[in-house]
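Colleague: For reference, the sequence and a predicted model appear below.
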There are 2 protein chains.
Amino acid sequence: MTEQHEAPGGVSGRALQKDIPQATVARLATYLRVLAMLADDGVLIVSSEELAVAAGVNSAKLRKDLSFLGPNGVRGVGYDVVKLRTRIEDVLGLSGGHRVVLVGAGNLGRALVGYGGFKRRGFSVVGIFDSDPAVIGRTVAGHSVRDAAALHEAIIALDPTIAVITVPDEAAQDVCDRLVAAGVQSILSFAPSVLIAPPTVEIRRVDLAVEMQMLSFERTRNAEPEPLAEVAHAVSGRIARHVPTPHSSAAHPALKHSASHSATEPSSKGSAVTP
Amino acid sequence: MTEQHEAPGGVSGRALQKDIPQATVARLATYLRVLAMLADDGVLIVSSEELAVAAGVNSAKLRKDLSFLGPNGVRGVGYDVVKLRTRIEDVLGLSGGHRVVLVGAGNLGRALVGYGGFKRRGFSVVGIFDSDPAVIGRTVAGHSVRDAAALHEAIIALDPTIAVITVPDEAAQDVCDRLVAAGVQSILSFAPSVLIAPPTVEIRRVDLAVEMQMLSFERTRNAEPEPLAEVAHAVSGRIARHVPTPHSSAAHPALKHSASHSATEPSSKGSAVTP
DNA sequence: AACTGTGAAAACTTTCACAGCA
DNA sequence: TGCTGTGAAAGTTTTCACAGTT
């Protein structure tokens, strides 16, 4: 690890988001959510261990992640919740806020704009588009849905920092082309197809079925320990196998996910894109 | 790499999904989608290069991924589309189909059940629950929404292989506890919080805001090459920078996404949803 | 000639374990 | 004493490049 983030002199504000590992960036978003929650609860200081448990990672990883942002904590004490939160927002480029345009006002599009954490995290929707006449003109989350035919001019006027595509797969590439032609540089797509665009445009793709398939794989793998034996108790899962202790939600050390989350976290694997 | 997948004798059907890298599993889902598309188009044989381009990865990675499933292609020729598709479905444990229960019939939940690729990929919804009296009894995607209060008995009767949680964050842990108590072993959650459950239960979490934050980071990083210079042309992106060639969607060598994973991929992550 | 399958190298990530500071 | 920050080791994933097949 190269330590460019040492900030030797009095380097101001944020800087050097260079060489922060991709995997770390994916997790920073999660830490941010936990920090926001803690701040709401009035918590002032948090230790790496506490933060790590809440984020579902181990504390060494969390400390390593944070170390890429420069020194953030106080040894023997912990991290200042507000300060750390601000620092992460700064590094992720969230401080200035983002102007988001949504193309596709179907269920998924509406689910996204309605998602509370959205606005709270600095993303404000500035325009919603659709090509369905039955939807155009309707109000969604305070915005009148506009005709996607007028995308070009509208995009230029709205000047969004991010565009989100939630249209059917067949229409996705066309929408993408038009967004790019209008100057959009960052696109998040929920269409299954891999979209093609110039390399200067950053596209991330989220495929909601991938996670289901990974669950399927995991279950299948765990269910087949003995490839040879006929498996004695072929009970067809009608009876609840485990009646888990209704744990007290807190103080639970269960850190099982090792991240591969996709759209989740380790997602270094999960979903995604980027060369 | 241990070669357990050599299948020396005449090992039947699928087997040895042991030690298939997590990152590979995440991408298999994507390959599957492309293969399904090719099959629909009547394509019989595909080369690693073609498949790789369509999936947004490079061909060496694709070949390595497939090699974990055993020999699937024919040298000098390519892969048999149907055979490869079947093999991947088999390895992912999709062949037997999955019984999916959805808890939370809001926009996101409806977007998920309405997603065509869902049923097509072997996931069939067997029950939808919600706790909102205004929603209970309504029909969503052919299913009458049931009262989440009766979750326990219903789950035992439905015996789902996967449960999907799309309720508000505050309710997620409670729903999770009840699902686990009823014997559910695989859960996909869209709630931001990290859910706590016994280690035998596989939980995957998808945070839709993470991807947006990663886009934000990438844009910020690219926008700050010169930390010192005042940046000459401070044009506020009003003019379209690139007018992309309206490419012919095929024969496009653009391989930019390398899927971290991911989850992240990253995320990275495989299919999608539509309005 | 075309294309797969795969060792070996390179790159990236996670985990360990401890030095260092409040 | 308690907790952060971090080199170094271990583990995972990607890329290279070529041997092997049809």
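Modeller: Sure, I can see it.
Colleague: What pLDDT is listed against the residue of the stretch 51-200 of chain A found nearest chain B?
Modeller: Nearest residue of the stretch 51-200 of chain A to chain B, counting by C-beta to the nearest C-beta: A:Gly106, 1.0 Å away. Any C-beta I mention is one placed from the backbone N, CA and C, and that applies to glycine too. For A:Gly106, the pLDDT comes out at 95.
Colleague: How far off centre is stretch A:101-109?
Modeller: 17 Å (C-alpha atoms, centre = their mean, to the nearest Å).
Colleague: To clarify, my last question referred to stretch A:144-154.
Modeller: Stretch A:144-154 has its C-alpha centroid displaced from the chain centroid by 27 Å (C-alpha atoms, centre = their mean).
Colleague: Then stretch A:202-221?
Modeller: 15 Å.
Colleague: Is it positioned near chain B?
Modeller: Yes - using C-beta under 8 Å from any C-beta of the partner chain, stretch A:202-221 reaches chain B at A:202-221.
Colleague: One more: stretch A:183-201?
Modeller: Yes - counting by C-beta under 8 Å from any C-beta, chain B has neighbours in stretch A:183-201: A:183, A:185-188, A:190-192, A:194, A:196-201.
Colleague: Output stretch A:59-75 as PDB, restricted to C-alpha atoms.
Modeller: Once non-C-alpha atoms are left out, stretch A:59-75 reads as follows in PDB (Å, rounded to 0.1, in the frame of the first residue of the first chain):
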ATOM      1  CA  SER A  59     -12.800  -4.400  12.600                       C
ATOM      2  CA  ALA A  60      -9.300  -4.900  11.000                       C
ATOM      3  CA  LYS A  61     -10.800  -4.500   7.600                       C
ATOM      4  CA  LEU A  62     -12.700  -1.400   8.700                       C
ATOM      5  CA  ARG A  63      -9.600   0.200  10.100                       C
ATOM      6  CA  LYS A  64      -7.700  -0.500   7.000                       C
ATOM      7  CA  ASP A  65     -10.400   0.900   4.900                       C
ATOM      8  CA  LEU A  66     -10.500   4.100   6.900                       C
ATOM      9  CA  SER A  67      -6.700   4.400   6.900                       C
ATOM     10  CA  PHE A  68      -6.900   5.100   3.200                       C
ATOM     11  CA  LEU A  69      -8.700   8.300   4.000                       C
ATOM     12  CA  GLY A  70      -5.900   9.500   6.200                       C
ATOM     13  CA  PRO A  71      -5.900   9.600  10.000                       C
ATOM     14  CA  ASN A  72      -9.500   9.800  11.200                       C
ATOM     15  CA  GLY A  73      -9.600   8.400  14.700                       C
ATOM     16  CA  VAL A  74      -8.000   8.900  18.100                       C
ATOM     17  CA  ARG A  75      -6.000   6.100  19.500                       C
END
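Colleague: list the buried ones in it?
Modeller: A:Ser59, A:Lys61, A:Leu62, A:Arg63, A:Asp65, A:Leu66, A:Phe68, A:Leu69, A:Gly70, A:Gly73 (16 or more other C-beta atoms under 10 Å in any protein chain shown).
Colleague: Touching, the fourth one and A:Leu51? I think so.
Modeller: It refers to A:Arg63. No - contact status for A:Arg63 versus A:Leu51: not in contact, 9.4 Å apart, counting by C-beta atoms under 8 Å.
Colleague: okay, and the common contacts of those two?
Modeller: Taking C-beta atoms under 8 Å, 6 or more residues apart in numbering or on different chains as the contact criterion, no residue touches both A:Arg63 and A:Leu51.
Colleague: Would you mind listing where chain A has pLDDT under the threshold?
Modeller: For chain A, the stretches with pLDDT under 70 are A:1-17, A:225-275.
Colleague: ok so, going back, need the buried residues of stretch A:59-75 in TSV with secondary structure and distance to A:Met37, can you?
Modeller: Formatted as TSV, the buried residues of stretch A:59-75 follow (DSSP: H, G, I helix; E, B strand; the rest coil; distance: C-beta to C-beta, whole Å):
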residue	secondary structure	distance to A:Met37
A:Ser59	helix	18
A:Lys61	helix	20
A:Leu62	helix	16
A:Arg63	helix	20
A:Asp65	helix	18
A:Leu66	helix	17
A:Phe68	coil	22
A:Leu69	coil	20
A:Gly70	coil	24
A:Gly73	strand	18
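Colleague: among those residues, which two are most distant?
Modeller: Across these, the longest distance by C-beta to C-beta is 18.6 Å; it joins A:Ser59 and A:Gly70.
Colleague: Which residue ranges of the stretch 1-150 of chain A form strands?
Modeller: Remark: strands assigned in the stretch 1-150 of chain A by DSSP state E, counting those that start in this stretch are A:45-46, A:73-74, A:78-80, A:98-103, A:123-130, A:139-140, A:143-144, A:146-147.
Colleague: List just the one of the ones you listed that sits closest to B:Ser47.
Modeller: In terms of C-beta to C-beta, the element of the strands of the stretch 1-150 of chain A nearest to B:Ser47 is strand A:98-103, at 33.5 Å.
Colleague: just checking, what packs against the closest one?
Modeller: Secondary-structure packing of strand A:98-103 (3 or more C-beta pairs under 8 Å, 6 or more residues apart in numbering or on different chains; DSSP states H and E): helix A:107-114, strand A:123-130, helix A:151-158, strand A:162-165, helix B:208-223.
Colleague: Can you say which of the strands of the stretch 1-150 of chain A is packed in most?
Modeller: Mean neighbour count (mean count of other C-beta atoms under 10 Å in any protein chain shown) peaks for strand A:98-103 among the strands of the stretch 1-150 of chain A, with a mean of 24.
Colleague: Direction included, what does it pair up with?
Modeller: According to DSSP bridges, strand A:98-103 has the following sheet partners: strand A:123-130 (parallel), strand A:162-165 (parallel).
Colleague: Could I get the buried residues of stretch A:59-75 in a markdown table, plus columns for distance to B:Arg146?
Modeller: Below are these laid out as a markdown table (distance: C-beta to C-beta, whole Å):
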| residue | distance to B:Arg146 |
| --- | --- |
| A:Ser59 | 41 |
| A:Lys61 | 40 |
| A:Leu62 | 40 |
| A:Arg63 | 45 |
| A:Asp65 | 42 |
| A:Leu66 | 44 |
| A:Phe68 | 47 |
| A:Leu69 | 46 |
| A:Gly70 | 51 |
| A:Gly73 | 48 |
